[in-house]
Every structure is written in structure tokens, then in C-alpha cells.
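Engineer: Predicted model and sequence below, questions to follow.
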Amino acid sequence: MTTSDETLLSIEGLTVSYGPVEAVRGIDLTVKRGEIVTLLGANGAGKSSTLNALVGLAPRKARKMEFNGINLLDLPPETIVRRGMTLVPEGRRVFSSLTVNENLMLGGAKHAARGNLVAAKADMLDLFPILAERLHQKAGSLSGGEQQMLAIARALMSSPDLLLLDEPSLGLAPQIVDRIFDLIGNLRDRGLTILLVEQNVVQSLEIADRGYVLANGRVELLGSADDLRASPEIQDAYLGV
Amino acid sequence: MDIFLQQLLNALSLGGTYALLALGLAVVFSIIGLINFAHGELMTVTGYAICFALIWGLPFPLAVIGGLVVAVAAAVLMERVAFRPVRGASGTTLLLTSFAVSAILRVLFQNVISARPIPVSIPTSLSGVITIGPLHLGTIQLISIIVTLVMLLGLNLFLHRTMAGRAMRAASEDFAVLRLMGMRANSIVATAFAISGLLAGVAGILWVAQRGSVDPLMGALPVLKAFIAAIIGGLGSLSGAVAGGFLLGFIEVILQAYLPESLLPYRDAFAILLVIGVLLFRPQGLLARKTIIKL
Ligand SMILES: Nc1ncnc2c1ncn2[C@@H]1O[C@H](COP(=O)(O)OP(=O)(O)O)[C@@H](O)[C@H]1O
Ligand SMILES: [Mg+2]
């Protein structure tokens, strides 16, 4: 673990509204370099809205929204991604009519030098051997687990500092879920910082350093993963003790 | 048999032009969900550009290049001025905007240039007829078939072999996620318009070359046909647009050839009846696929 004290992402008073619907109602959130931070909460709590707002895909307001010293508030998604923060969206959303190779190449579109693109791809095929086998298959023909790996690899192609993952285990078989969580651990060991949205509370708290629990667009609970695991609220609501 | 072959060539040439236009509509629709009714005016602009270039004494090939440059520039400008401000708005807003652009351009053509057709002096070398065995093929017809095929092939290569092309295909599936790849939304949309402008320009030149004149409403009818072709193919599907264009061309040529004389004035009505028939069986179009338009 290489958690440092350097704050990578710092959010204060984030709100997300879709017309009259207030999905996120003023949350504060920080992520330090090297951490895995998990964002938990029931369906509709505002987790996806938070992540989408961070990358500029949802309408957002905030007192402060800083990543790596850059003010994110007025930046479009493409610029935010180019500055080193990217999102693997909920539901994978691979480009299904494009091949695995094409999905990866697009993921690396920000690399101006072809050499960097090629190196990033080689790195990803190393990390995900299954994608090397499926390189020229249409992404839509992959299994759910393979599509999730592709979605993650595609995001990693931009060599981000901070990776936002939105429910990567959603709808996958238990042994695939284990592999995804193993992978998340590997990524952290490679120095990546991760903000992980999950409904799989047990496994998320096992892997994370800290966590936030959202309910109705507000932070209901926060703390170290150990504290959260021990808290009566989590025990009652999620761990079924 | 010879007559059939002859009709086949006619259909290829007419259908090819529809296909190019339908493809231009589909490229834009697949990415931003806009049915651009001002597409026809891009054709017309190209026609005027060639016309004036020739009047100013430019040689024909240069006039053609000039026409294409003007078409692409006009399409990109149209996006920048009229469509970018309403990007992501409802389908109705987009549609009305494109009607407005089309209407404004027509009025401009009528008042600034002329309401009447202006003759375009096409080189006589292009007005010949080539005889291959029993077949008679106008030089321009032959050129238009070849140009259509080259354009389709070129676009296909672009879409599959270049990063920008891959981005266009990805954008038609999921625009928001493409932005997460670091692709600039504005340049993707501008590229789509540039391509549609190029396609409209090529179609415009072929149209003018066959008819020898330009008028303010020149683009209206072919683009209406292209719109029908794109619907037959399944709006938003590029291969569907091409298939729909050729299909409509075939239907029209066959009706023209085999309808009794007294019914010929109703040719388009019969063609549209067939289209309605297609849509009754496949309301989503022949080669439709699902498109998500999310910005
Ligand atoms: N694009 C949208 N338009 C309108 N309402 C939305 C949109 N996205 C999410 N919402 C609403 O915002 C609330 C939070 O949703 P979301 O952020 O997806 O929650 P979670 O990811 O925690 O399940 C929900 O009530 C949801 O219906
Ligand atoms: Mg969600």
C-alpha cells in the first residue's frame, strides 16, 4: 500500500440535479493518492450521479471540485479524462459493434505518440490475457465478465491517475466478481488511485481503505473500512448480522 | 436481358446518388440525432459554387474541387452556427432548426442569386454516350456510378482504418462514453458534418452534371428521396442508408420503365407506396439497429 497524504481529489458541497430531481445534495469527498475509496449505498442513493458529475457527464454544482490541483468545475469530460481522471461507467458500455482492439485504441486516443498507444495496449493485453485472445472479436460478442474487463482496460488505456469504477461487479457470477476484485487490488498495487462505487459491501470494504455511505444524495456515514465494517448501521443494513 | 441490364445501370446511377445523400443524412443522425433537412441546400450550394467557378473561367476539375471545398465548409459552418447551440436539445427542436436553416438558405439563394435556374456549362466531353455492345451509357452516368462506388469504398476504409473513423462509429453507439476516451465532442460532430458535406457535395456535382443547371430548390427533391431512403434503411444505420438509396433508385427506375404511360405521373406516389409497404413489415427500417443518443 502506497497511500500518501497527498490529496488527489477534493470535493466540497457537490450537488447534482436533473431538473426537479435532486440526486446528490451537497456531499464532501476526498481521495488521497494511492487509496481505494469506496462509495456505498442503495439503488438511487446518488452514487452514479456523483461519479458522472466528477467527469462532467452530469449537471453539477459545487463549492469546490479539484483534482490534482485542477478546478474541474468548468471542464468538459474529454478534458478531464486528458488530465488523468476517468470513469468506467455503470453497465460497462463497451462499443459493441467495434472490435476489442478498436475499443482499446479509442481508449488510448489521448496519446499523441503512436509509441505510447502501442505500449499502453501491450500493457493491457498483458494484464488481461483474455482480451488478447479476443482481440479481433466484436466487443458485443464477449461475455459480461469479459466486457467488464474490456471496459476497465479501455479506461486504463488513457493512463489515468484516478480511476472511477461504477459497480464493476454488477450482474456478474460470483467467481467473476472475485476476479474483478482481485484485479482492483492489482491495480492499486500498480500505483493507481481508485474510487469504487459498489453495492457489494462486503468485498468492497475488504479491499478499500476508506468508505462513504450515501443515502438520498447525502453522506450518511464515512470512515475507515474497518470502522465502517464494525459500525452497527452497516452491520444491520448490509451485512445481515 | 439487354433492356434489363440497361435499367440496372440506370438504377445504379440514380440509386447511387440517393445513397450518397442518404448516407450524409445518416452520418449526422447517427451521432447527434438530427435529421438535417438543410442537407439539400448543401447540394445546392455546391451547384452554385461550381456554376460561378466556371463562369469565372476556372477549368472544370478545379471547379469541382472548389465545389467540394465549399460543400464541406458550408456543412461545418452550418453545424457551428445553427446546430451547436441546440446540441442535445429535443428531436423536435433539432428538426425545426434544420427546417429554419433550409428555409433561410433557399430565400437567400432566391434573392441574392436568382429564383431562376442558371445554366452550368458542363464540358462536352462529359455529355457523350458510351456504347458497350447493346448498352448505351451516358458518360456522366458511368462516372456517377464509379464515383459513388469510390466514395462508398473510401468512407468504409475511413470508418474502419482510421482513429477518426473508429470514433465516428463509436459515437453513433454511445457519444457520452466516447467523450470519456478523451475525444472532443466538438471535433467528432464537426467531422460528421464535414463528411456529410462532402457526400452532399459529390451528389450535388453529379446532379448538376446530369441536369446542366442550378436553381434554389435543386436539392429539395433529391434530399426528400434520400430521406425516404434513409428511413427505408433504418435511420442511423449507415449500411441501411446505402441499401435504402439503391433500393429506392431501383424502384423508381423499374416503375419508370414498366408503369403504363397514363400512370407515369404517379411514379413517386407508387414508390412511396412501396416504402410504406416496407415499413409495415419492418417499422424500424431494413437494417436498423438501436442507437443511443446521449450527450
Ligand atoms: N439522467 C437522469 N435524469 C433524471 N433523473 C436521474 C438521472 N440519473 C439518475 N437520476 C435519478 O437520480 C437519483 C440517483 O440516481 P443514481 O445516481 O443513478 O443512483 P445510484 O447510482 O446510487 O443507484 C435516482 O432517483 C435516479 O432516478
Ligand atoms: Mg448507479
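Structural biologist: Perfect, I can see it now. Numbers count the residues shown, from 1 in each chain, chains lettered A, B, ... in the order given. Ligands and ions are numbered 1, 2, ... in the order given.

Engineer: now for the longest helix along chain A, which elements pack on it?
Structural biologist: Taking residue count as the measure and DSSP state H as the definition, the longest helix of chain A comes out as helix A:174-189. When contacts are defined as 3 or more C-beta pairs under 8 Å, 6 or more residues apart in numbering or on different chains; DSSP states H and E, helix A:174-189 packs onto helix A:144-156, strand A:193-197, helix A:201-207. The C-beta positions use only the backbone N, C-alpha and C, and glycine is treated the same way.

Engineer: how about the longest one, does it reach chain B?
Structural biologist: Yes: for a cut-off given as C-beta under 8 Å from any C-beta of the partner chain, helix A:144-156 has contacts with chain B, namely A:154-155.

Engineer: Now do the buried residues in that helix.
Structural biologist: Neighbour counts using 16 or more other C-beta atoms under 10 Å in any protein chain shown place A:145-156 of helix A:144-156 among the buried residues.

Engineer: I'd like the distance from that helix to the chain centre, please.
Structural biologist: On the basis of C-alpha atoms, centre = their mean, to the nearest Å, helix A:144-156 is displaced by 12 Å from the centre of the chain it belongs to.

Engineer: what about that helix, average pLDDT?
Structural biologist: Taken as a whole, helix A:144-156 has an average pLDDT of 95.

Engineer: now what about that helix, what contacts it?
Structural biologist: Where contact means C-beta atoms under 8 Å, 6 or more residues apart in numbering or on different chains, the residues beyond helix A:144-156 that reach it are A:86-89, A:92-94, A:100, A:103-104, A:106-107, A:120, A:124, A:127-128, A:130-131, A:134, A:139, A:142, A:163, A:165, A:168, A:171-173, A:176, A:179-180, A:183, A:187, A:192, B:180-181.

Engineer: Hey, what's the angle from it to helix A:174-189? Just curious.
Structural biologist: Between helix A:144-156 and helix A:174-189, the angle formed by their directions is 20 degrees, by axes from the mean of the first three to the mean of the last three C-alpha atoms, to 10 degrees.

Engineer: Could you find the closest non-adjacent residue to residue 58?
Structural biologist: In the absence of a named chain, chain A is used. Closest residue to A:A58 apart from its sequence neighbours, by C-beta to C-beta, 6 or more residues apart in numbering or on different chains: A:N52 at 3.7 Å.

Engineer: Please refer instead to chain B.
Structural biologist: Residue nearest to B:L58 in three dimensions, not counting chain neighbours: B:G66, with 6.7 Å by C-beta to C-beta, 6+ apart.

Engineer: Repeat that for B:F270.
Structural biologist: Among residues not flanking B:F270 along the chain, B:L255 sits closest, at 5.4 Å (C-beta to C-beta, 6+ apart).

Engineer: name the helices or strands packed onto the helix or strand of chain A with the lowest mean pLDDT?
Structural biologist: The element with the least model confidence among the helices and strands of chain A, by mean pLDDT, DSSP states H and E, is helix A:232-237, at a mean of 79. Using 3+ C-beta pairs under 8 Å, 6+ apart as the contact criterion, the neighbours of helix A:232-237 among helices and strands are strand A:218-224.

Engineer: what sits opposite the residue nearest to A:R83 when sequence neighbours are not counted in the beta ladder?
Structural biologist: With C-beta to C-beta, 6+ apart as the criterion, A:R83 has its nearest non-adjacent residue at 5.7 Å, and that residue is A:I70. Beta-bridge partners of A:I70, counted by DSSP bridges, are A:F67.

Engineer: if I read this right, A:I70 contacts A:R82, doesn't it?
Structural biologist: No: the pair formed by A:I70 and A:R82 falls short of the contact definition of C-beta atoms under 8 Å, at 10.7 Å.

Engineer: more neighbours, the two?
Structural biologist: Neighbours of A:I70 and A:R82, each counted by other C-beta atoms under 10 Å in any protein chain shown, are more numerous for A:R82; the result is 19 against 14.

Engineer: OK, contacts around that one?
Structural biologist: Taking C-beta under 8 Å, 6+ apart, we find A:R82 in contact with A:110, A:158, B:182.

Engineer: tell me the secondary structure for the closest residue to chain B within chain A?
Structural biologist: Nearest to chain B in chain A, going by C-beta to the nearest C-beta, is A:K110, at a distance of 3.7 Å. The three-state label for A:K110, taken from DSSP: H, G, I helix; E, B strand; the rest coil, comes out as coil.

Engineer: what about it, distance to ligand 2?
Structural biologist: When C-beta to the ion, to the nearest Å is applied, the distance between A:K110 and ligand 2 equals 26 Å.

Engineer: What's the local residue count around that residue?
Structural biologist: For A:K110, the number of neighbouring residues by other C-beta under 10 Å comes to 21.

Engineer: With B:G128 as the reference, measure out to the residue nearest to A:A58.
Structural biologist: Plainly put, A:N52 is 61 Å away from B:G128 if you go by C-beta to C-beta, to the nearest Å.

Engineer: okay, the host helix or strand of B:E41 in CSV with CA atoms only?
Structural biologist: Assigned by DSSP states H and E, B:E41 belongs to helix B:39-55. Listed next in CSV are the C-alpha coordinates belonging to helix B:39-55 (Å, rounded to 0.1, in the frame of the first residue of the first chain):
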residue,chain,number,x,y,z
HIS,B,39,-28.8,18.8,-46.4
GLY,B,40,-30.4,19.6,-49.8
GLU,B,41,-29.1,23.1,-49.5
LEU,B,42,-25.6,21.8,-49.2
MET,B,43,-26.2,20.2,-52.6
THR,B,44,-27.5,23.5,-54.0
VAL,B,45,-24.6,25.5,-52.6
THR,B,46,-22.2,23.1,-54.3
GLY,B,47,-24.1,23.6,-57.5
TYR,B,48,-23.8,27.4,-57.3
ALA,B,49,-20.1,27.1,-56.4
ILE,B,50,-19.4,25.1,-59.5
CYS,B,51,-21.5,27.3,-61.6
PHE,B,52,-19.8,30.5,-60.6
ALA,B,53,-16.3,28.9,-60.6
LEU,B,54,-17.0,28.0,-64.3
ILE,B,55,-18.3,31.5,-65.1
